[in-house]
Structures are given as C-alpha cells and as structure tokens.
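Coordinates for the following, if possible.
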Amino acid sequence: MTVRERQDRVGTVTGLRTGLLCLAAVAAFGTAVELATERHWDTPVQLLAWLGLAMATAAIVLVGWRPQAVRVRAGRVLAVLVLLMAAFGVWEHVEANLHAGWLDAVHGTRWGTLPVAAQWWYALSKTVGPAPPLAPGVLAQVSLLVLLAAWHHPADAAE
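Numbers count the residues shown, from 1 in each chain. Just a heads-up that it's a prediction; the model follows:
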C-alpha cells in the first residue's frame, strides 16, 4: 500500500467516524427537543432520560473532540451505560402501557381476560397506553453510533 493510499484510507475512516458522531449529535439534539416538548421531567424516573442524554452528549464529545485513549475509553463506558439506561426506558414505557391497558377504550373491558402475551404485545406496540416504547431507543441509537465511532479508534493505538 502506498503512502497516498494509506492517507486516503485514513481520511475515509476519519470522515466516517466524524459522520457517525454528527448523526449521534443530531439524534441527541432531537431527543432533547422531544423530551422538552413532552415535558418529560415530572418524576425522578423521567429525569433519567435527561441524565442519559447528558451522558450521551458527553460520550460524543469525549470520542470526537481532541480524542485521547483515556477519553475514548470513557466515552465507550458512558455509551454502554446509556445503552443500559435506554433498555430500562423501553421497559418503563412498556410497563406504563401495561398498567394503562384497563383504561383503553377498545381493550379495557376485557383487559384482565386477555392472554399475558397479548397484553405485552399491545403494550409494546402502543396499542394500549400513552408511553411510546421505542422512544428511549433513540438513546440506544446514539450510544451505538458513539460505540461505532470509537471502534478501533486511532487514539487507542497512540498509547
């Protein structure tokens, strides 16, 4: 491989890494707007989404701005923690929908007689309940984008 080819490859990888972090930043910003418009701050559990968003933003900055090995590793750790928080958020949303199933205009009168699998499906698919189960998944997406951007990061090799 010539020097020029190696430089082209490094440029491509750097561009892809930057693109992944930009996508993560756009998704994080959109999540902040969504959380604010939904006034997602009434309970301590709802505040976890804001904490996850702050952690995801920190991970983006750690991996993307003046990366050093320790910063990239810290960004990875934060991204994994946010991924776990996002899974918890999906669970919380599904559980909220399950508890609201008996209030549903269509399924409420027979909610207690529905099979458990049907209740879970209705809660997960937001057929019943007000909580969007996949909304916390955006934080998971942000985390995965950060983890991809940190994959084989050159800062790791520099150490």
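
So which elements touch the longest helix that the chain contains?
Looking across the chain with DSSP state H, the single longest helix is helix 3-37. Here helix 3-37 touches helix 44-64, helix 137-149, going by 3 or more CB pairs under 8 Å, 6 or more residues apart in numbering; DSSP states H and E. In short, each C-beta sits where N, CA and C put it, glycine included.

list the buried ones in it?
17, 20, 21, 23, 24, 25, 27, 28, 31, 32, 35 (16 or more other CB atoms under 10 Å).

And for residue 154, the neighbour number?
13 (other CB atoms under 10 Å).

where does it fall, phi/psi-wise?
phi -60, psi -30 (degrees, to the nearest 10).

How about the contacts made by the spatially most central residue of the chain?
Geometric centre of the chain, nearest residue: residue 139, 1.5 Å, by CA atoms, centre = their mean. Residues counted as contacts of residue 139 (CB atoms under 8 Å, 6 or more residues apart in numbering) are 31, 49, 52, 53, 56, 82, 83, 85, 86, 89.

what's the second one in contact with, if anything?
With CB under 8 Å, 6+ apart as the criterion, the residues that contact residue 49 are 31, 35, 40, 85, 89, 136, 139.

wait, the fourth one sits on residue 54?
No - counting by CB atoms under 8 Å, residue 54 is not a contact partner of residue 85; they are 10.8 Å apart.

Which one's more surrounded, the two?
residue 85 (20 against 14).

got the contact list for that one?
48, 49, 51, 52, 55, 136, 139.

okay, the residues you listed in JSON lines with distance to residue 9 and pLDDT next?
Compiled in JSON lines, the contacts of residue 85 are given as follows (distance: CB to CB, whole Å; pLDDT from 0 to 100):
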{"residue": "48", "distance to residue 9": "40", "pLDDT": "96"}
{"residue": "49", "distance to residue 9": "38", "pLDDT": "96"}
{"residue": "51", "distance to residue 9": "38", "pLDDT": "97"}
{"residue": "52", "distance to residue 9": "34", "pLDDT": "97"}
{"residue": "55", "distance to residue 9": "32", "pLDDT": "98"}
{"residue": "136", "distance to residue 9": "36", "pLDDT": "93"}
{"residue": "139", "distance to residue 9": "32", "pLDDT": "95"}
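
about what we covered before: considering the contacts of residue 49, which is situated nearest to residue 13?
Nearest to residue 13 among those is residue 139, at 25.6 Å by CB to CB.

Could you dump the helices and strands packed on helix 3-37 into TSV and include distance to residue 155?
Converted to TSV, the helices and strands packed on helix 3-37 look like this (distance: least, CB to CB, whole Å):
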stretch	distance to residue 155
helix 44-64	9
helix 137-149	11
